[in-house]
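Visitor: fold the following for me, if possible:
(chains A, B, C and D)
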Number of protein chains: 2
Amino acid sequence: MHDVLRKFINEITTGIIADDEFVHIEKGFFPKLMKRRQFLLHEGAVCKYMAFVVKGALRQYSIDERGNEHIVHFGIEGCWITDRESLLMLRPSKYNIDALEDCELLLTTKEQLSLITDLSLQFLKMSHILDSQHSISFQNRIQASLSYTAEEKVMDLMIRYPSFFNRFPQSMLASYLGLSPETFSRIRKKLLTKQYAF
Amino acid sequence: MHDVLRKFINEITTGIIADDEFVHIEKGFFPKLMKRRQFLLHEGAVCKYMAFVVKGALRQYSIDERGNEHIVHFGIEGCWITDRESLLMLRPSKYNIDALEDCELLLTTKEQLSLITDLSLQFLKMSHILDSQHSISFQNRIQASLSYTAEEKVMDLMIRYPSFFNRFPQSMLASYLGLSPETFSRIRKKLLTKQYAF
DNA sequence: TGAGTCAATTGATCTATGTCAAGCAAATTT
DNA sequence: AAATTTGCTTGACATAGATCAATTGACTCA
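Guide: Numbers count the residues shown, from 1 in each chain, chains lettered A, B, ... in the order given. Predicted structure coming up:
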């Protein structure tokens, strides 16, 4: 299972991590299996782990004052999932994280992360690259959320993450985009009809 | 001018950077003065610089297909402002960055950034901490944008960035929140009236 | 295998916010 | 100092998307 992480680090850094360096990382992560519908984080708890998704899918969501769910993040293979604010600042989290499928994860703690980034330059480099990528994707997401119509949001999702449509219920994709399931359904139908009209 | 950056690095890392380390950073940044309404980046150009704001204010915005401006970021003293995607991946930017006030900036390039992060551990550490903070604030912003009503968005801005209300035109604050200026004006009036009613 | 749950669609209606226009005061430019 | 521009507010009206409800088919569980 740790081999997947090793491969991931090599791919991201376009390098090959040495055995004696990877051993620090290996020690800092432990495997966890989750069944569908199990929680990794409950709202109100302090987040203890950062998770690397080896296999499966999770979602990170909050519930607003009106009882509506808002999915901020899906975690699929090759993704990292945590509430960084809670993990690093020890604040009660406003998020829940649960498994949408049976999952294989590698978990690490805040302390282990610190240690690993001190001991492994390649891990630090990977972390830095991922932060850049995340920053870019966050910026795109904010820009889309400010300026797109509902239809543009659905189209954008179809383009960026086509596999999401096979993998997650439409009500969850709607939530991820900040739309109602009915609106999502109507727009998707309209877009599929348009495409056939070409 | 570089002293402000030095102080900033020390504050963020809760340390004191050595002279012989800071000299690398100093060499990698050059000062730039901008007048109000001048551009740092035009849409369609490849972004060449990351800017640290020593004094003044800028905004980063895109213009959608309907001709509407959408402000994704304000850069005030102590902020960094760039289009990371364009800078790092050499893509034409979809953003504009211009000065809302006369500004003093320190600019660096992609190459200099690489060099500095190799030569200065403290700069790398600062960069890492800032990325964590940005990640956290992006997540909050996405969550707010998905789940808040217009009124909640205005309230949240009043709480998080009260100084923005003195410093930026309301039409820009509205744009930053994804609201029309009219809606913003009505909601602000309502909230101010509510507050007086307490 | 049947009952219950989940997912999705569709129609009707509602509402939060956008759009358009007008007016006014402050700020900026000439 | 006068003209112009910018910023903001307000009223009237329009609309994109939400809400509610009903229905149907697929999936899950006992």
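
Visitor: and the angle from the helix or strand harbouring residue A:144 to helix B:121-147?
Guide: For residue A:144, the host element (DSSP states H and E) is helix A:121-147. Here the directions of helix A:121-147 and helix B:121-147 differ by 30 degrees (axes from the mean of the first three to the mean of the last three C-alpha atoms, to 10 degrees).

Visitor: ok, helix A:121-147 near DNA strand D or not?
Guide: No - for a cut-off given as C-beta under 7 Å from any atom of the strand, helix A:121-147 has no contacts with DNA strand D; the smallest distance is 10.8 Å. Quick note: C-beta positions are derived from backbone N, CA and C, even for glycine.

Visitor: who in chain A is up against DNA strand C?
Guide: A:169-171, A:181-182, A:184-186, A:188-189.

Visitor: ok so, going back, list the helices and strands the helix holding residue A:144 packs on?
Guide: In this structure, helix A:121-147 makes packing contacts with helix A:2-13, helix A:19-28, helix A:110-119, helix A:150-160, strand B:69-75, helix B:84-89, helix B:121-147, judged by 3 or more C-beta pairs under 8 Å, 6 or more residues apart in numbering or on different chains; DSSP states H and E.

Visitor: tabulate the ones you listed (TSV), appending mean neighbour count.
Guide: Output for those, formatted as TSV (neighbours: other C-beta atoms under 10 Å in any protein chain shown):
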stretch	mean neighbour count
helix A:2-13	16
helix A:19-28	16
helix A:110-119	16
helix A:150-160	16
strand B:69-75	20
helix B:84-89	19
helix B:121-147	18
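
Visitor: out of these, which gets nearest to residue B:105?
Guide: strand B:69-75 (8.9 Å; C-beta to C-beta).

Visitor: for the worst-scoring helix or strand of chain A on mean pLDDT, name the packing helices and strands.
Guide: Every helix and strand in chain A was compared by mean pLDDT, DSSP states H and E; the lowest is helix A:181-197, with a mean of 85. Counting by 3+ C-beta pairs under 8 Å, 6+ apart, the packing neighbours recorded for helix A:181-197 are helix A:150-160, helix A:170-177.

Visitor: quick check, that helix touching DNA strand D?
Guide: Yes - residues of helix A:181-197 are located near DNA strand D by C-beta under 7 Å from any atom of the strand, namely A:182-183.

Visitor: got the angle between that helix and helix A:170-177?
Guide: Using the same axes, to 10 degrees: helix A:181-197 against helix A:170-177 is 100 degrees.

Visitor: by how many degrees do helix A:181-197 and helix A:150-160 diverge?
Guide: Using the same axes, to 10 degrees: helix A:181-197 against helix A:150-160 is 70 degrees.

Visitor: contacting residues around helix A:181-197?
Guide: Contacts to helix A:181-197, defined as C-beta atoms under 8 Å, 6 or more residues apart in numbering or on different chains, come from residues A:150-151, A:154-155, A:158, A:170-171, A:173-174, A:177, A:179.

Visitor: could you dump the helices and strands packed on helix A:121-147 into JSON lines with mean pLDDT and distance to residue A:60 added?
Guide: Shown next, in JSON lines, are those (pLDDT from 0 to 100; distance: least, C-beta to C-beta, whole Å):
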{"stretch": "helix A:2-13", "mean pLDDT": "94", "distance to residue A:60": "20"}
{"stretch": "helix A:19-28", "mean pLDDT": "93", "distance to residue A:60": "22"}
{"stretch": "helix A:110-119", "mean pLDDT": "92", "distance to residue A:60": "18"}
{"stretch": "helix A:150-160", "mean pLDDT": "95", "distance to residue A:60": "17"}
{"stretch": "strand B:69-75", "mean pLDDT": "95", "distance to residue A:60": "22"}
{"stretch": "helix B:84-89", "mean pLDDT": "95", "distance to residue A:60": "23"}
{"stretch": "helix B:121-147", "mean pLDDT": "92", "distance to residue A:60": "9"}
